[in-house]
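>>> Structure of the sequence below:
(one chain, ligands or ions: 1)
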Amino acid sequence: MQKTAYRQTEQSDGMLSGRMPVNKSIESNNGHPLIPVGISACLLGQEVRFNGGHKRSRYCLEVLKDCFSYEPFCPEVAIGLGIPRQPIRLVGKAEQPEALGTDDPDLNVTEPLLESGRGFAARHPHLCGYILMKGSPSCGMERVKVYHPNGHPDGAGSGLFARALMEAMPWLPVEEEARLNDPVLRENFILRVFTLHCWKQQVAPAPSFHKIQQFHARHKYTLMAHTYQGYRELGRYLAQAHDMPLEQLMPEYLQRLMDFLKLKAGRKSHTNTLLHMMGYLKKSIDSECKQELLEVIEQYRQGDVHLVVPLTLLRHYLKRHGSEYINEQVYLDPYPHQLGLRNYI
Ligand code: SF4
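Next up is the predicted model:
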């Protein structure tokens, strides 16, 4: 288990001074480096909600803490609303609502919350993901209630801090904690966090076209599992990008990749990916082994077993008979297996 340290923070930064445990070491107990991820402070059990309560997330604190180094933040505390405080809500047009006091509509914190999101993004370029609290007029990612000035619900939008953060860092994997209960969304979010972290480790520090190509080559089958069209499109884009300045290529490539990975990978596309990868074993395993692998892939396609089953068998054969290229595919091992994400999809 990792040692934790208590980060000294300032009240103005939206966190309670000296209260939140932060993993200091750069490597977790599963051998992977801890990845910096922002999180709504109340999800870590900090009592920062308008009523002095919290929304402690067991999954974040007991499972993901072995992979993520959390950077908690409460935008409402950061803009000086205090604890406890009167609740706020979104009022007006769903696309551009204002954040007003529920009891006192003269309290308007629209601009401070938007500015808080923009400022946070500028101060945290190193983050590889953000976990938000659902339904909050500040932190909710989507489907946050927006009210008509007469007090009736009148549509839905994003919390203002969340909106400004997502606009400032459109490539950043962002998800609501409640949606992590869905196995496909959970796997999708964590995969994107690990992919962005990989980019930041392997390409960003000393970028070159060659490094981007290598990164892309290792992520080909991951991309294919999410979107075959995206896989072809991004391959073509990179093939024509030799002479593009890196300052242009880097953000463009990353944005496209992260947008494609946001698309959910289903059984059909995983099956297609597994069969493509199996093609690398064409000449090296006998027909009995091939048949066995095909049967397991078919069982997965039919929904009888989870992805971990055909993948384990495929990995077994590739390890013995596959080329270096195929064994380096991130798709085979995208995140710590201890998370068990592929046991549920
Ligand atoms: S949802 Fe966001 S604004 Fe509300 S208490 Fe949690 S961190 Fe603070």
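>>> in the stretch 101-250 of the chain, which spans are helices?
Applying DSSP state H, counting those that start in this stretch to the stretch 101-250 of the chain gives helices spanning 110-123, 160-168, 183-202, 209-226, 228-239, 246-262.
>>> which one of those helices lies closest to the ligand?
The ligand sits nearest to helix 160-168 of all these, at 6.9 Å, using CB to the nearest ligand atom. Just so you know, the C-beta spots here come from the backbone N, C-alpha and C atoms, and that holds for glycine as well.
>>> most packed of the helices of the stretch 101-250 of the chain?
Mean neighbours per residue, mean count of other CB atoms under 10 Å, is largest over the helices of the stretch 101-250 of the chain for helix 160-168, with a mean of 23.
>>> And that helix, what does it pack against?
Secondary-structure packing of helix 160-168 (3 or more CB pairs under 8 Å, 6 or more residues apart in numbering; DSSP states H and E): helix 110-123, strand 174-176.
>>> mean confidence score for the first one?
Taken as a whole, helix 110-123 has an average pLDDT of 98.
>>> re earlier: could you dump the helices and strands packed on helix 160-168 into JSON lines with distance to Arg315 added?
Compiled in JSON lines, the helices and strands packed on helix 160-168 are given as follows (distance: least, CB to CB, whole Å):
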{"stretch": "helix 110-123", "distance to Arg315": "38"}
{"stretch": "strand 174-176", "distance to Arg315": "27"}
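>>> could you dump the ones you listed to a markdown table with distance to the ligand?
Converted to a markdown table, those look like this (distance: least, CB to the nearest ligand atom, whole Å):
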| stretch | distance to the ligand |
| --- | --- |
| helix 110-123 | 9 |
| strand 174-176 | 10 |
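>>> what residues does this protein put near the ligand?
Residues of the chain lying close to the ligand by CB under 6 Å from any ligand atom are Ser40, Ala41, Cys42, Val48, Arg49, Cys74, Pro75, Glu76, Met133, Ser136, Ser138, Cys139.
>>> show me where this structure has strands.
Using DSSP state E, the strands of the chain run over 4-6, 21-23, 35-40, 68-73, 88-91, 98-101, 130-132, 144-147, 153-157, 174-176.
>>> just those strands: most buried one?
Of the strands of the chain, strand 130-132 is the most buried (mean count of other CB under 10 Å), at a mean of 27.
>>> Return the list of strands paired to it, each annotated with direction.
Using DSSP bridges, strand 130-132 pairs in its sheet with strand 35-40 (parallel), strand 174-176 (parallel).
>>> could I get those as TSV with distance to Met278 and mean pLDDT?
Listed next are these as TSV, based on distance: least, CB to CB, whole Å; pLDDT from 0 to 100:
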stretch	distance to Met278	mean pLDDT
strand 35-40	31	98
strand 174-176	31	98
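>>> Can you say which of the ones you listed is nearest to Gln302?
For Gln302, the closest of the strands paired with strand 130-132 is strand 174-176, at 28.8 Å, according to CB to CB.
>>> Tell me the bridge partners for Gly38.
Applying DSSP bridges, one finds that Gly38 bridges with Glu71, Tyr130.
>>> got a list of what it touches?
Tyr70, Glu71, Pro72, Phe73, Phe120, His124, Leu127, Gly129, Tyr130, Ile131 (CB atoms under 8 Å, 6 or more residues apart in numbering).
>>> Tell me the one of these nearest Ala94?
Nearest to Ala94 among the contacts of Gly38: Tyr130, at 21.9 Å, using CB to CB.
>>> Thanks a lot, see you next time.
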